[in-house]
Every structure is written in structure tokens, then in C-alpha cells.
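A.B. asks: I'll drop the sequence and a predicted model, then ask my questions.
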Amino acid sequence: MALDFFISRTSCLKVLSYYTALVLFSQVISEEKLKKHIFLLLILEKVLLF
């Protein structure tokens, strides 16, 4: 059970880092937009995990 949780956490982190890289690559470097996207992603992560 702990392993499943760990795997889901690491995959979420991979998605988060990929998404952050994508946002930076598309040159949306406005910090507020980045924070907003990360916030939305964290909400999505919570919805997917429950």
C-alpha cells in the first residue's frame, strides 16, 4: 500500500515537473500564471488520488 502511494506520488511529481518545463518552454514566465497552473495541478492531483 505504501509502495502504491509512493509510485502515485512520484508519477505526480513527474507530471508536475514536465508541466512546469512545458510552461517555461512556452515562455510563460509570469510567476503568477505559473503559480496558478501549479495550484490547479495540485487540485487535480487531489481529485485523482481520492
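C.D. replies: Sure thing, it's come through.
A.B. asks: what helices or strands is the helix or strand of the chain with the lowest mean pLDDT leaning on?
C.D. replies: Scoring the helices and strands of the chain by mean pLDDT, DSSP states H and E places helix 2-25 at the bottom, with a mean of 72. Counting contacts by 3 or more CB pairs under 8 Å, 6 or more residues apart in numbering; DSSP states H and E, helix 2-25 packs against helix 31-49. Any C-beta I mention is one placed from the backbone N, CA and C, and that applies to glycine too.
A.B. asks: sorry, back to before: hmm, who's touching the least confident helix or strand of the chain?
C.D. replies: Counting by CB atoms under 8 Å, 6 or more residues apart in numbering, helix 2-25 makes contact with Lys33, Leu34, His37, Ile38, Leu41, Glu45, Leu48, Leu49, all of which sit outside it.
A.B. asks: could you export these as a markdown table, including neighbour count and pLDDT?
C.D. replies: Written out in a markdown table, the entries for the contacts of helix 2-25 read as follows (neighbours: other CB atoms under 10 Å; pLDDT from 0 to 100):
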| residue | neighbour count | pLDDT |
| --- | --- | --- |
| Lys33 | 11 | 72 |
| Leu34 | 15 | 71 |
| His37 | 16 | 78 |
| Ile38 | 14 | 80 |
| Leu41 | 15 | 80 |
| Glu45 | 17 | 80 |
| Leu48 | 10 | 74 |
| Leu49 | 10 | 70 |
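A.B. asks: from these, which two are the most distant?
C.D. replies: Between all members of the contacts of helix 2-25, the longest pairwise span (CB to CB) is found for Lys33 and Leu49 and amounts to 24.7 Å.
A.B. asks: what about Arg9, how many residues nearby?
C.D. replies: For Arg9, the neighbour count with other CB atoms under 10 Å is 12.
A.B. asks: for Tyr19, same thing?
C.D. replies: Considering only other CB under 10 Å, Tyr19 is surrounded by 15 other residues.
A.B. asks: from Phe39, how far off is it?
C.D. replies: Using CB to CB, to the nearest Å, we find Tyr19 at a distance of 12 Å from Phe39.
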